[in-house]
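A.B. asks: next input, structure requested:
(5 chains)
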Amino acid sequence: MSLPNQADQGITFDTFMEGVWRQNPVFVMMLGMCPTLAVTVSAVNALSMGVATLFVLVSSSLLISLIRNLVPKEVRIATFIVIIATFVTLTDYLIQAVSLTLYEALGAFIQLIVVNCIILGRAEAHASKNPPLKAVINALGMGTGFTIGLFALGATREIFGAGKLFGMTLFGDQFQPWVVMVLPPGGFFVLAAWLLLFSLLRSKSATEGGHAHD
Amino acid sequence: MNQPSQIQTPSGGKMIATMVLVASICGVLIVGAFEGTAGAIAENKRIMLERAVFKVLPGAAGVREYAATAAGIQPLAAGEAVPARGVRFYAAYDAAGVLKGIAAEAGAKGYADTVRVLYGYDTKCQCIIGIGVVSMRETPGIGDKIITDAAFLKNFEALDVRLNSDLSALTNAVRVVKHGTKMNAWEIDAIAGATVTSKAVGRGINDSAQKLLPMLVPHIAELKP
Amino acid sequence: MSMELRTSPHLVSDRSVERIMKHVVLALLPVCTFSVWQYGLSALALLIVVTTTCLATERFLNRAAKQASTLNDWSATITGLLLALTLPPAFPLWMGAVAGFVAIAIGKALFGGLGHNVFNPALIGRAFVQASFPVAITTWAPPFAVHRFSEFIPSTLTLPFMIPNDNAAWIAAATVDGFTGATPLARWKYEHFVYPVQDMLTGAASASSGETSAILLLLCGLYLAARKFMDWRIPVAVIGSAVLVAWAFRLYGGEAFPPIHLVVLSGGLVLGALFMATDMATSPVTPLGVWIYGAVIGVVTVMIRYFGGLTEGVMYAILLGNALTPLIDKYTQPRVFGTRQQRKS
Amino acid sequence: MTESLSQIFISTLLTNNFVLAMFLGLCPFLGVSGRLSTAFPMGVATMFVMLVASLCAYGLNMLLGYFHLEFLRLISYIVVIASCVQLVEMVMKKYSPALFRALGIYLPLITTNCAVLGVALFQTAREYDFSQSMAFSFGGGAGFTLALVLMASLRERLQLANVPTLVQGTALTLILAGLLSLTFMGFAGLGSLE
Amino acid sequence: MRLPFFHRAATFEHGIHPVYHKETGSLPIKRLPFAPRLIVPLSQHIGKAAVCCVSVGEEVRRGQVIATADGFVSLPVHAPATGVVEAIGVMLAANGKMVDSITIRVYEADSQEVQVRAPLDIESLDKKELLAAIQQTGIAGLGGATFPAHVKLSVPPETVIDTLVVNGAECEPFLTCDHRIMVERTQDLLRGIRYAMKASGAPRAIIGVEDNKPDAIAAIQALLPADGTITVQALETKYPQGAEDTIIYALLGREIPAGSRPAAIGVLMNNVMTLAYLGRLLPAGEGMIERVLTVAGPGVEKPGNYIVPIGTPLRFLLEQVGARGSAKEIILGGPMMGMTISSLDVPVTKGTSGVLAFGAEKLEQEARRTYACIKCGECLSVCPKFLNPSQLGLLAAKREYAEMAELYNLDRCFECGCCSYVCPSHIPLVQQFRIAKAVNREKASA
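C.D. replies: Now for the predicted structure:
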């Protein structure tokens, strides 16, 4: 989580893309694993969880960035956690108001966003050191990266585990779902498979001499 | 949460001020969100409850929440907790305001986790006339047949839960029997291959009915408007 | 004269990995033959498809890792045969292929191949398909059906990725008396029906293809144990502890618990104890460890059967035993010579 | 619907193991499971904190319910749990320095362990009474320790294996977790019959 | 005599049953002619090398002292043949090192009479004098350990030895020289045992002999003294029955505490060959100038047990027994613990108990494919020290040498080779352990 202090740099496209690709919280940083695996049994759940996290991430980053100069070092983390918990509670009620079905599918994992390391990590490493706009853009990137990661997992698990995507049947009635995919072992396996895919791609591009980003 | 112990730093006053500021911002946000969404959430909950109850008690048009205790029955406000040793149940009424039946929740440990179902109880035939699954984590393809298996759901079109003469327990305990061997109205024909989940449903309903009905039936008249 | 310089010992025994594995394959052949005789074409096709998939996966992953072929150590063959023997005879072939792939790829190659795996690959394959296709893996076929050598059981030939074909018509036409489609363990669990001993000895009960004849399995196991290709202590500990626990329950719990012969002869206990639990790479090496390991498997098997949601627990018990193996090994290191309390003489 | 204490305990220990079936406490599970010598104390420390957290949450929930302040539940849980961990740390340091040295370094890590907050949230959501909450948190902690110790022992063994470079690291740990999770599926339905 | 049916030989736990190839055990000992040149290293024992006391060109008589002991833990060297000192300087020894040696050109036509000192009246000597006399014989442990005999028999005053264990197990395959000695020189052996008992103060002696040598047991039994102080005990034929730990455990049921010598449990152990030579040389006042050793293996035409002068080059020895051209691997000692040599110019020394020649077939057999450890656990069930070679091997492969010593008792391994012998994956376990120990030793000394 010890990212370089970017306070003295301007806002670039990379401020956003960092979280989407290079520091993707799911596939690269392995952060926020609990919700990553628990709620990704379907694409809808995964996407909702991603968006909820994105919301908390962005709003808490904004608030933290706004009051960053007021908060004394000693109570920094405590303050951050209180702020994050506030926005999580907020999200919790919003989701209940929107759809109780979704709320029950996500269960306690909405509230567990509080202890998602990405959020506290972003607050500590970025938002508390950067102006609001930059903090928000960076948080948006991270949140988007997280959402993409969750969606990739959720979609894979739903397609294999139920033969559906967003509840729509993909392969006809006769498709045999791979139930294990929506069970806990499947969560571990699918995430491991994505990680393997990522590291395979990375090792491929490394052997082809391409460190294009650097 | 690494608050160092040296509290007497020069910025003590500032620290308190900041905390107060943060707390008040957060307080405003939370209370605002709570107040702002409370209506919608309550409405959502009501719709969900009604949908569930109407499914197990066809023909119902309105729902009221009650709690049954050894002392009798009492209405519950939305969100109000059930008194100790009490059981929550829902009274459903048709459009004309006539009592259609009673719905209550039952649950028992299934294959993976607790299987929770809502069952509809008909006061006239003293039988269960429908069930709906509230929550479960049973194996897709096997355990989740309790939602879809027509033959299984047929068990609950008229499941006998009559009370005995002194109204202390069911005349015949609800039992789950092996697939294809149902002989009596109080038996549940298990789904072949999903015996564990079937048994969980049966056990849950039996437990709930054994507890609820003896407290409820003597006072059933109080529910009729 | 050029001299060979080596360090001692200069003598080696004739034991070798290939030799051990080859004899295990040899010992499995009668079991396979019996299963084919019992279930006909479908069992044969399943054996062939699963084993071929295992071998092909092994070869493919060898190539991907740019290493020499490891097919000639026979371990992939054993995995394939064992896996096929634990599947129901009418299991769709495509699901068998999935099981074979998972067994080798996830169960073995990911850990570095033979000897490095921490779980029994065949059981990983089976556990995966059990979790994936829970219906298919509990759909049993009647043994000794009339047309078994001329027709496949319909579900065997299910198209890839499709729901298994329905066997009801075929079974009806196969004219088997009293076939209920439930295993002896399931019939006990849900009906308290006690299967006759002779049916379970001769293979006339529903089960996975290789689990039906306890006598044949024991003979094959005896051969391996006698030739020292198998650690006899493990099956003794597994079956012994299972019998002991079952006996205790029967003694104190009475008729609520099944008779002991049902515990020993039904399901995969004998197959698992002899051929799965004894997998060398995934069982402890210490003298005390193997007894503990075997006892854990036996006890957990009975516990799952008696109190769990599943009717059969051998597979999970062995996997749990595998998971416990590093711990058992670590804490049962033998007492080194010369550290015993001296006897005063 | 009242679950017996042993049912809750067995369920959270095996069937619905906190780590392997509920995905709670994954970060420390992946991070601290490299060596047995750290895994076990970490497990015990977490189990202890989970018990404390469960206790706090139970009291807090009653208090909030009494004042109808349910909307403050999350925020107060997290604050109280964090302070409790601090308090436990301080008390331990003062009265049992040996224990503090053994567990102390893990305690701050536990604050952000979602298994701890998870215990509090799930026991509230399931409306467990006091003894049920205790059984739940004890089972959860024991289950966490069990999974952690098993994983650590497996990883220690695999340190000596020729795991392909591509698979090494988190991917291997996840696959092991998946296989353990698959194994624990065998316990499904334990205690649900009769 | 026990009834064969109830006969149960004493033994230890674990160990292996290799193919023994003890065909030479029935052939009588024969004498080999002198080689034209003998190379006599000054250090053929553990301890300080002897000091040369002859010069180049000097004539030496067979049995004459040509190098004197340098202190207590050292042995004199006697001329193995009558001849002339041709050179004094470094020569290649069997362990591949260059060591100071005296090269003697043997007089071909000489009668080769042994020069002796005045015969001793051993009964009249006290302990100290006896030990000094033993030192003068130049006998080192002839089983291969080459620990000077008089040092081994000198018991510190505070230690009480209750039993002298005489090691006649000879558990290494191929080797039968101890066997023949027990059969043919039984009188010498029993005499030697009495000297050793006297020197060490041990009140009794037990001779342990593997039960595949019934003729040796019978020969000894016929000559045992009536007072029962010396007994013979049959041991199960099992490798490594003749190791210090295992034979003492088999005979007495005592374990030598890890890291200690047998004296810690009141036991002294000597090899039969050592004691037989002691019994033969001491009263006659002779020195150690020759020894009996086994020459065997598929690479030789006339395998058997031969009396070979110390310093005989192996090339000469092998020519005499008809070494086949196909012999590719020459092992000094037994096949389980012996070492291969790089050159045939190295001499026979006091510790050479056997010379084995193997051809290409054996090398082919050894060039088998190595697999990863499949954790069959067979190595644990054969290790006489109850170690865990499987885990040690896994750690060695990852170079975790420190952990091997700290957690898995690497230092207790005495390289008997049982684990390598049974390993179906053909992992060179003992070889790895040797490297690990060497690395650890180096680290400790650094």
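A.B. asks: from now on I want contacts and neighbour counts done on CA atoms only, so please keep to that.
C.D. replies: OK.
A.B. asks: now tell me what touches stretch A:82-93 from outside.
C.D. replies: A:52, A:55-56, A:59-60, A:63-64, A:110-111, A:113-114, A:119-120, B:22-23, B:26-27, B:29-30, B:33-34, B:37-38, B:41, D:71, D:74-75, D:78-79 (C-alpha atoms under 8 Å, 6 or more residues apart in numbering or on different chains).
A.B. asks: give me the below-cutoff pLDDT ranges for the chain.
C.D. replies: Because you didn't say which chain, this covers chain A. A:1-9, A:208-214 (pLDDT under 70).
A.B. asks: correction: the question concerned chain D.
C.D. replies: Ranges of chain D meeting pLDDT under 70: D:1-2, D:103-105, D:109, D:111-112, D:191-194.
A.B. asks: just the helices in it please.
C.D. replies: In chain D, the helices defined using DSSP state H lie at D:5-10, D:26-31, D:36-67, D:73-95, D:97-103, D:107-111, D:114-125, D:130-158, D:170-184.
A.B. asks: buried residues, stretch B:49-63. List them.
C.D. replies: Under the neighbour-count criterion of 16 or more other C-alpha atoms under 10 Å in any protein chain shown, stretch B:49-63 has B:50, B:52-57, B:60-63 buried.
A.B. asks: hang on, the earlier thing: which ChimeraX command selects the buried ones in the contacts of stretch A:82-93?
C.D. replies: Buried members of those, defined by 16+ other C-alpha under 10 Å, are picked up in ChimeraX with:
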select /A:52,55,56,59,60,63,64,110,111,113,114,119,120 /B:22,23,26,29,30,33,34,37,38,41 /D:71,74,75,78,79
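A.B. asks: of the contacts of stretch A:82-93, which are in range of chain C?
C.D. replies: Near chain C, judged by C-alpha under 8 Å from any C-alpha of the partner chain, there are no entries from the contacts of stretch A:82-93.
A.B. asks: in strands, which of the contacts of stretch A:82-93 fall?
C.D. replies: Among the contacts of stretch A:82-93, none falls in strands (DSSP state E).
A.B. asks: so what's C:Gly210 up against?
C.D. replies: Taking C-alpha under 8 Å, 6+ apart as the test, what C:Gly210 contacts is C:31-32, C:34-35, C:84-86, C:271.
A.B. asks: show me what the residue lying closest to E:Thr237 once chain neighbours are set aside bridges to in the sheet.
C.D. replies: Spatially, and ignoring its direct neighbours in sequence, E:Thr237 is nearest to E:Glu210 (5.1 Å; C-alpha to C-alpha, 6 or more residues apart in numbering or on different chains). In this structure, E:Glu210 bridges to E:Leu235 when assessed by DSSP bridges.
A.B. asks: what separation do you get for the closest residue to chain E within chain B and chain C?
C.D. replies: Closest to chain E within chain B is B:Ala112: 35.4 Å, counting by C-alpha to the nearest C-alpha. With the distance defined as C-alpha to the nearest C-alpha, to the nearest Å, B:Ala112 ends up 8 Å from chain C.
A.B. asks: Three-state assignment for that residue, please.
C.D. replies: Three-state call for B:Ala112 (DSSP: H, G, I helix; E, B strand; the rest coil): coil.
A.B. asks: picking that back up, in helices, which of the contacts of stretch A:82-93 appear?
C.D. replies: A:52, A:55-56, A:59-60, A:63-64, A:119-120, B:22-23, B:26-27, B:29-30, B:33-34, B:37-38, B:41, D:74-75, D:78-79.
A.B. asks: pull the longest helix from chain A.
C.D. replies: Longest helix in chain A, counting by DSSP H: helix A:132-162.
A.B. asks: show me what it is packed up against.
C.D. replies: helix A:13-17, helix A:43-66, strand A:164-165, helix A:184-207 (3 or more C-alpha pairs under 8 Å, 6 or more residues apart in numbering or on different chains; DSSP states H and E).
A.B. asks: what's the separation between the residue of chain A found nearest chain D and chain E?
C.D. replies: Closest approach between chain A and chain D, counting by C-alpha to the nearest C-alpha: A:Pro185, at 4.3 Å. Applying C-alpha to the nearest C-alpha, the value for A:Pro185 to chain E is 27 Å.
A.B. asks: what's the neighbour count on that residue?
C.D. replies: Residues near A:Pro185, counting by other C-alpha atoms under 10 Å in any protein chain shown, number 27.
A.B. asks: do A:Thr169 as well
C.D. replies: The burial count for A:Thr169: 13, using other C-alpha under 10 Å.
A.B. asks: ok, now the one 4 residues further on?
C.D. replies: Here the count is done by other C-alpha under 10 Å, and A:Asp173 has 10 residues near it.
A.B. asks: how about it, phi and psi?
C.D. replies: When read as degrees, to the nearest 10, the backbone of A:Asp173 gives phi -70, psi -30.
A.B. asks: one step back: pull out the buried members of the contacts of C:Gly210.
C.D. replies: Burial by neighbour count, judged by 16+ other C-alpha under 10 Å, picks out C:31-32, C:34-35, C:84-86, C:271 from these.
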